[in-house]
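Q: Got a sequence here, can you build the structure:
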Amino acid sequence: MSPSVSSKRGGTTTGIVRHLDDLGRIVIPIEIRKRFGLSEKDPLEISVMDDTILLSKPRSVCVFCGKSRAVQEHRGRSICHSCIQELATNYN
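A: Predicted coordinates:
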C-alpha cells in the first residue's frame, strides 16, 4: 500500500492519482477498498467541503426522525424502533 502523507486540508493523501472516465467515474484502488471493507455495489455518500470531494459510507438513520440508534431496514428504508412502534400504534 502507498504511504499516507498529511495533506494541507487536514486529512491524509495516499499519493494515488486517478483520472475521470468519459462518464465521470473513477476507480477506487483495491488497497483503499479493502481497508474500508468496500465491495462491488456498496453505496457511497458524496459530500463537498470547501474545495474537497469526500466519499464516505452512508450512515443508516431513520427516515422519519433522523436517529441512528436501533435502525432496521424495511423496503430499502431505514426506520428506528421508536418510529416502528409509533406507526404500529397509529395505523392498527
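Q: how about the residue nearest the centre of the chain, what does it touch?
A: Nearest to the mean C-alpha position of the chain, by Cα atoms, centre = their mean, lies residue 57 at 2.0 Å. Taking Cβ atoms under 8 Å, 6 or more residues apart in numbering, we find residue 57 in contact with 36, 38, 42-45. Every residue, glycine included, has its C-beta placed from N, CA and C.
Q: cutoff 6 Å now
A: Shown in contact with residue 57 (Cβ atoms under 6 Å, 6 or more residues apart in numbering): no residues.
Q: Could you check the pLDDT of the closest residue to residue 53 other than its chain neighbours?
A: With Cβ to Cβ, 6 or more residues apart in numbering as the criterion, residue 53 has its nearest non-adjacent residue at 6.8 Å, and that residue is residue 46. Listed pLDDT for residue 46 reads 90.
Q: Doesn't residue 46 belong to a strand?
A: Yes. Residue 46 forms part of a strand when assessed by DSSP: H, G, I helix; E, B strand; the rest coil.
Q: can you map out the helices along the chain?
A: Ranges of helices in the chain, per DSSP state H, are 30-35, 81-90.
Q: rewinding a little: so how far is residue 43 from the residue nearest to the centre of the chain?
A: 8 Å (Cβ to Cβ, to the nearest Å).
Q: For the residue nearest to residue 33 when sequence neighbours are not counted, the count of nearby residues, please.
A: Distances taken as Cβ to Cβ, 6+ apart place residue 39 nearest to residue 33, at 7.5 Å, with adjacent residues excluded. Residue 39 has 7 neighbouring residues, counting by other Cβ atoms under 10 Å.
Q: What of the one 10 residues further on?
A: By other Cβ under 10 Å, the residues close to residue 49 number 10.
Q: what's across from it in the sheet?
A: When assigned by DSSP bridges, residue 49 has beta-bridge partners residue 52.
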